[in-house]
Each structure stands twice: as C-alpha cells, then as structure tokens.
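[1] this is a predicted model, with the sequence first.
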Amino acid sequence: MAIVVAATTSLSQTTPPPSTAASQTQGASSTSEENSGNALLPPGTAIPTELSKSIDAKKVKAGDKIEARVTMDLLAHGQIIVPRDSKVTGHVTDAKPRSKQSPESTVGIAFDRIALKNGRELPLRTTVQAIGPSMKVAPFPENGNEVPGKAPPDMHAGNNPTWRGSPGGSARQNGSPYPTGNPQDVPTGTAPSAGSAASALDPRSQGVIGMKGLSLSTSDQGSVVSSSTSNIHLDGGTQLILRTE
C-alpha cells in the first residue's frame, strides 16, 4: 500500500495540469504561425491590393470586417509566394462621419491576415503606405499597346518579394517599360484630369495619390483616412499599398 501511494504522489507532482499544457501548446503554435508569416513576408514588404467592397464612414463601425485582394503575384527567388487574388482581411478600427460638431470624417483600418490559395492563412501586421483610385475604369490608350498605369514587371517590393504582372491582369515574364504618368508625379490630394486614367500605385508610392481631399496617417491601431471636406467613402477597387511591419 505504501508503494502504491508513493507512486501516485510522484506522478501527480511531475505531470503538469492539463490547462497549463494546453496553454503552452497554444502559445507555441501562435508563435510558430507569426514567425512563419514574417518569414514569408518580412518587414518592409509592399503588397499591392485593392478593396473588395466599398468603405463608407456613414455605414461602417469599429470591428466591421474589411477585405482586399492582392493584385499582382509576389515572388521570392523566382517562386510565387503570394499569388494574385490572395485575400487580405482586416477590420475597421474607428469610423466617424462628418457632423456639425465634428467637421472631419475619419475611417481607421487595419489589415492583419492573408489567406493564400492553398488554404493557408497567415497573420500580418501592416500599415497602409499609399492609397489611390480604382483602376477598374481605366480605358485602354488609342494605340492599344499598353494599359495606363501598368506596373513594371519584377519590380522590387521590399526585402525579398518582387511583383510580377499587371493590376487585375495576367502575370507576365516580359513586358513593356513602365508607362509615363508615374503616380508620384500626381500631387497628393489632387484628382486626375478629366478623361485621364488612374495610374497604378507602385512600391515607391506614398500617401494619398489622385484622390482629392483625403489624407492618410498611421496610429497605434493601424491606418487612418481623413477628410475635412466630405464623408469618407472608398469605392470597391480602391488601390492600397500595404507595407508589412
């Protein structure tokens, strides 16, 4: 009887409580997932995306889900690591329409997860580096040789990943040079002239480009789009350059 009691006591002392073991396993899994995301998209990687649905300051509220899609393949060492059309999800951190008491409208957004086509989902920590109008209504030029604003092939977008393809189009290995009308030549807060096409943002784009009356800033919770002239309304297709941190 003494031997049985001693063995039982020893076993109870050496076996960790189930809740502790589960907590340790969950913590290790979370850390592994975060490290995997950082390895795939290291800090400083620019991700070209466009909003899947519109965001309106008068309709959204903090916590609402937002979604964007990657518009070009991201490559590293010649391999596609994030295919075009991968889904990036996040949430609204704050939303404030204009009012008599508060003439400024703001919408805070944060994108924090990316779902790849193979079903794998990874956490992200990003800020919005640049924002620009949708390319969906961009017409073809008269000569038909190039799409206005098409991004250059294999342009570097951070530490390792590079871009390949054109916004919303098929990936390509070779292509014509980057067309004129660099989005950086458009002053922040101004709109393109009548009849002109919106230009594609690139990894060097910063702030608000081609969208009159908007400003872009960062906060502890993500990024904030503001306007002192109208309520914030971002159409589906609005271009966003996300930068990993």
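    Nice, thanks for sending it over. Numbering: from 1, shown residues only.
[2] name the element A39 belongs to?
    Here A39, judged by DSSP states H and E, is contained in helix 18-40.
[3] now the element after that helix, going C-ward?
    Following helix 18-40 in sequence, per DSSP H and E, is strand 46-51.
[4] just the mean pLDDT for that next one, thanks.
    In this model, strand 46-51 has a mean pLDDT of 97.
[5] same check on stretch 206-215?
    Mean predicted confidence for stretch 206-215 is 95.
[6] would you mark the buried spots in it?
    Within stretch 206-215, the residues that qualify as buried are 207-211, 214-215, counting by 16 or more other C-beta atoms under 10 Å. In this view, the C-beta of every residue, glycine as well, is placed from N, C-alpha and C.
[7] wait, K53 sits on D235?
    No - using C-beta atoms under 8 Å, K53 is not in contact with D235, being 9.2 Å away.
[8] give me the more crowded residue out of these two.
    Neighbour comparison, K53 and D235: the larger count goes to D235, with 16 against 13 (by other C-beta atoms under 10 Å).
[9] quick one: contacts for that one?
    51, 54, 133-134 (C-beta atoms under 8 Å, 6 or more residues apart in numbering).
[10] from those residues, which land in strands?
    In strands, defined here by DSSP state E, the members of those are L51.
[11] neighbour-wise, which of the contacts of D235 leads?
    P133 (24 neighbours).
[12] run through this structure and note the low-pLDDT ranges.
    By pLDDT under 70, the weakly predicted segments of the chain are 1-38, 137-160, 164-197.
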